[in-house]
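Enquirer: I'd like to go over a predicted model; first the sequence, then the structure.
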Amino acid sequence: MDTAVIIVAAGRGSRMGGEVPKQWQSLRGKPVLAHTLAAFAGFPVVLVIHPDDRARADTLAAGVTLVEGGATRDASVLAGLQALAGTGVTRVLIHDGARPLVSSRLVERLIAALDTHDGAAPALPVTDALWRGDAGLVTGTQDRSGLYRAQTPQAFRFDAILAAHLAHPGGAADDVEVARAAGLDVLIVEGEESNIKLTYPGDFARAEASLRGDAMDVRLGNGYDVHAFCDGDHVWLCGVKVPHRRGLLGHSDADVGMHALTDAIYGALALGDIGRHFPPSDPQWKGAASHIFLAHAIGLADAQGYRLANCDVTLVCEQPKIGPHAAAMQTALARAVTTFGYVGLMRPAPGTWASAVALVLGMGIDRYLGTPVLVLATLGVIATGFWACGQALRDRAGEDPAEIVIDEVAGQWIALLFPTLAFWARGGEVDWLPWPAWVAPFLFFRLFDIWKPWIIGRADRRSDPAGVMLDDLWAGLFAGVATILAAVAYHLPLIL
């Protein structure tokens with residue numbers, strides 16, 4: 001492709017505040033840069049980053065060329081341009097990483113403008129009155145005629161803008177200033193009010209509102225499936241085992257209802273059909289339950305920001321009779337489309353469900369295998385969690401997916417270790433901890449995990465595997481300490 005994109009994201013964004021630069025802060029569950037990169041899907045992209053952000057960028061920007069920026073914006077742009085030199089690129093779009101809402105329509109207008117001009121940049125006329133001021137007082141007015149609010153991306157013929165940057169002394173406000181200093185003509189293209197630059201905390205609320213409006217991307221899919229009868233004594237239809245004198249022939253459980261619905265979801269996402277994701281030549285899917293396939297399709301839809309609003313499954317058959325089983329089929333399908341098969345996401349509050357399951361498992365391990373085994377199991381879950389979160393973030397472009405709940409398990413078990421280790425080290429007079437010593441770590445962990453105070457919140461704002469895990473590990477530590485303090489305060493001798 002002869003058109004490439006340079007996204008400048010090396011700044012620190014001090015006016016925004018926060019523990020991480022604004023381009024790495026979360027916007028509707030994803031880093032701002034994830035939205036910006038998505039706007040240029042299909043283009044070769046050079047992402048100019050700060051050296052401190054290399055780990056974040058490696059996780060987020062698969063298939064993107066990473067370049068470390070300079071001390072100023074124009075130095076960073078020049079580094080990006082030099083990375084494209086000799087690649088055959090003839091046109092380049094230079095864009096601020098903190099503008100995540102640029103539309104494909106604006107990009108198309110800018111590229112088309114380069115057929116007749118050296119450069120093109122989006123802008124909107126200034127419509128508000130302009131004042132001059134000093135010490136908080138209005139000292140005069142400014143004529144707004146001919147004034148525009150500049151935006152990005154700014155588009156240029158590649159060789160011309162590269163030469164302009166090489167000749168420029170530095171300190172330019174944007175690339176249009178560099179281009180004009182070199183004598184290039186730059187066409188003003190009508191910008192978009194939604195193409196805001198995230199500069200102050202309030203800008204995030206505007207961007208969130210705009211993305212909610214864009215979320216009305218309604219997708220429809222249609223699926224169809226046929227299986228022949230074979231020997232057997234039952235058939236699976238829409239997740240229900242229906243007694244019948246014949247079975248259905250298939251590599252999996254041959255549930256035509258779930259297969260058709262799964263194919264409809266894949267189709268709405270333009271992701272093929274079941275065979276692409278679960279090929280019948282793969283022996284691991286022999287006899288597999290079809291809710292696994294449906295859960296996978298729902299998971300992909302969720303990862304792209306979609307939610308299943310309604311589904312209708314029609315079964316065409318003379319036998320067996322569907323009517324007696326229709327209600328059970330509706331229940332089974334409803335359960336399948338709201339529970340992911342990966343690691344058991346249960347809506348709502350997957351973290352709370354994961355903590356509850358972890359509590360029961362931890363109690364069982366401590367009761368029947370001993371506290372040292374619970375310690376080893378916790379260490380194993382923590383190690384596995386860092387690996388699993390790394391894989392998940394790589395697949396989800398840096399987004400912390402809700403179905404990964406191993407971090408909740410690790411945090412809950414850390415909280416449980418405090419009373420169990422205290423009881424084990426003391427040598428309790430009874431066989432097992434009293435029930436408050438089990439319930440307290442669960443309640444405290446949920447409190448800290450939801451509230452996310454202090455260092456827990458700082459860890460949660462990180463967009464790397466360590467951030468996904470550390471907020472729950474810290475929450476577990478706080479919960480454990482709170483449990484011990486509560487035991488001391490209420491004089492529970494069975495613990496201390």
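Expert: That came through, no problem. None of these values were measured; they are calculated from a predicted model. Residues are numbered from 1 along each chain as shown.

Enquirer: so where do the helices sit in the stretch 251-400 of the chain?
Expert: Under the criterion DSSP state H, counting those that start in this stretch, helices of the stretch 251-400 of the chain are mapped to 256-268, 274-277, 291-303, 326-337, 350-368, 371-395.

Enquirer: Mean neighbour count, the ones you listed: which tops it?
Expert: Counting by mean count of other CB atoms under 10 Å, helix 256-268 has the highest mean neighbour count of those, with a mean of 23. Heads up, the C-betas are built off the backbone N, CA and C, glycines and all.

Enquirer: Can I get it in PDB, CA atoms only?
Expert: Taking C-alpha atoms only, helix 256-268 is exported to PDB below (Å, rounded to 0.1, in the frame of the first residue of the first chain):
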ATOM      1  CA  VAL A 256     -28.200 -28.500  14.700                       C
ATOM      2  CA  GLY A 257     -29.900 -25.800  16.700                       C
ATOM      3  CA  MET A 258     -26.800 -24.600  18.500                       C
ATOM      4  CA  HIS A 259     -24.700 -25.000  15.300                       C
ATOM      5  CA  ALA A 260     -27.100 -22.800  13.300                       C
ATOM      6  CA  LEU A 261     -27.100 -20.100  16.000                       C
ATOM      7  CA  THR A 262     -23.300 -20.300  16.300                       C
ATOM      8  CA  ASP A 263     -22.900 -19.900  12.500                       C
ATOM      9  CA  ALA A 264     -25.200 -16.900  12.600                       C
ATOM     10  CA  ILE A 265     -23.100 -15.200  15.200                       C
ATOM     11  CA  TYR A 266     -19.900 -15.900  13.300                       C
ATOM     12  CA  GLY A 267     -21.600 -14.600  10.100                       C
ATOM     13  CA  ALA A 268     -22.600 -11.400  11.800                       C
END
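
Enquirer: Quick one: list the elements packing against it.
Expert: Packed against helix 256-268 by the contact rule (3 or more CB pairs under 8 Å, 6 or more residues apart in numbering; DSSP states H and E) you find strand 234-237, helix 274-277, helix 291-303, helix 326-337.

Enquirer: quick one, which of these is nearest to residue 64?
Expert: Closest approach to residue 64 among these is made by helix 291-303 (18.8 Å; CB to CB).

Enquirer: about what we covered before: Serialize the helices and strands packed on helix 256-268 to TSV and add fields for distance to residue 65 and mean pLDDT.
Expert: Output for the helices and strands packed on helix 256-268, formatted as TSV (distance: least, CB to CB, whole Å; pLDDT from 0 to 100):
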stretch	distance to residue 65	mean pLDDT
strand 234-237	48	91
helix 274-277	29	87
helix 291-303	24	82
helix 326-337	39	83
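
Enquirer: circling back to that earlier point, for the helices of the stretch 251-400 of the chain, which one sits closest to residue 2?
Expert: Closest to residue 2 of the helices of the stretch 251-400 of the chain is helix 371-395 (CB to CB; 29.8 Å).

Enquirer: after that closest one, next one along is what?
Expert: Going down the chain from helix 371-395, the next helix or strand is helix 406-426, by DSSP states H and E.

Enquirer: I'd say residue 106 and residue 193 touch.
Expert: No - with contacts counted by CB atoms under 8 Å, residue 106 stays clear of residue 193, the gap being 11.3 Å.

Enquirer: neighbour count winner among those two?
Expert: Ranked by neighbour count (other CB atoms under 10 Å), residue 106 and residue 193 place residue 106 first, with 21 against 11.

Enquirer: on that earlier part again, tell me which of the helices and strands packed on helix 256-268 approaches residue 59 most closely.
Expert: Ranking those by proximity to residue 59 (CB to CB) places helix 291-303 first, at 15.3 Å.

Enquirer: Could you name the helices and strands sitting against that closest one?
Expert: Helix 291-303 is packed against helix 256-268, helix 274-277, helix 326-337, strand 339-340, with contacts defined by 3+ CB pairs under 8 Å, 6+ apart.

Enquirer: if we can go back for a sec, possible to save the helices and strands packed on helix 256-268 as a markdown table with distance to residue 85?
Expert: As requested, the helices and strands packed on helix 256-268 are exported to a markdown table (distance: least, CB to CB, whole Å):
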| stretch | distance to residue 85 |
| --- | --- |
| strand 234-237 | 59 |
| helix 274-277 | 39 |
| helix 291-303 | 36 |
| helix 326-337 | 50 |
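
Enquirer: What's the per-residue pLDDT of the spatially closest residue to residue 413 that is not a sequence neighbour here?
Expert: In space, residue 413 comes closest to residue 378 once its chain neighbours are excluded; the distance is 4.2 Å by CB to CB, 6 or more residues apart in numbering. With respect to pLDDT, residue 378 scores 89.

Enquirer: Next: residue 427.
Expert: pLDDT, read off for residue 427, is 61.

Enquirer: do residue 34 as well
Expert: For residue 34, pLDDT reads 92.

Enquirer: for residue 494, same thing?
Expert: Taking residue 494 on its own, its pLDDT is 46.

Enquirer: Repeat that for residue 127.
Expert: At residue 127, the pLDDT value in this model is 93.

Enquirer: Residue 44 now?
Expert: Predicted confidence (pLDDT) for residue 44: 95.

Enquirer: next one: the one 3 residues further on
Expert: What the model reports for residue 47 is a pLDDT of 96.

Enquirer: where are the low-confidence patches of the stretch 251-400 of the chain?
Expert: 305, 338-351, 391-400 (pLDDT under 70).

Enquirer: what about 90?
Expert: For the stretch 251-400 of the chain, the stretches flagged by pLDDT under 90 are 251-254, 257, 269-319, 321-372, 374, 377-378, 380-400.

Enquirer: Spit out the contact partners of the residue nearest to residue 53 when sequence neighbours are not counted.
Expert: Once flanking residues are discounted, residue 53 sits nearest to residue 24: 6.6 Å by CB to CB, 6+ apart. Contact partners of residue 24, counting by CB atoms under 8 Å, 6 or more residues apart in numbering, are 31, 32, 33, 53, 56, 463.

Enquirer: send the alpha carbons of the host helix or strand of the fifth one over as PDB?
Expert: Counting by DSSP H and E, the element that carries residue 56 is helix 54-60. Listed in PDB are the C-alpha atoms of helix 54-60, where the atom choice follows Å, rounded to 0.1, in the frame of the first residue of the first chain:
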ATOM      1  CA  ARG A  54       7.800  -0.200  25.100                       C
ATOM      2  CA  ALA A  55       6.200  -3.000  27.200                       C
ATOM      3  CA  ARG A  56       2.700  -1.600  26.800                       C
ATOM      4  CA  ALA A  57       3.200  -1.100  23.100                       C
ATOM      5  CA  ASP A  58       4.500  -4.600  22.500                       C
ATOM      6  CA  THR A  59       1.400  -6.000  24.100                       C
ATOM      7  CA  LEU A  60      -1.000  -3.700  22.300                       C
END
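
Enquirer: What is it packed up against?
Expert: helix 32-39, strand 65-68, helix 371-395.

Enquirer: any weak-confidence spans in the stretch 1-150 of the chain?
Expert: Residue ranges of the stretch 1-150 of the chain with pLDDT under 90: 1, 11-30, 55-56, 58-63.
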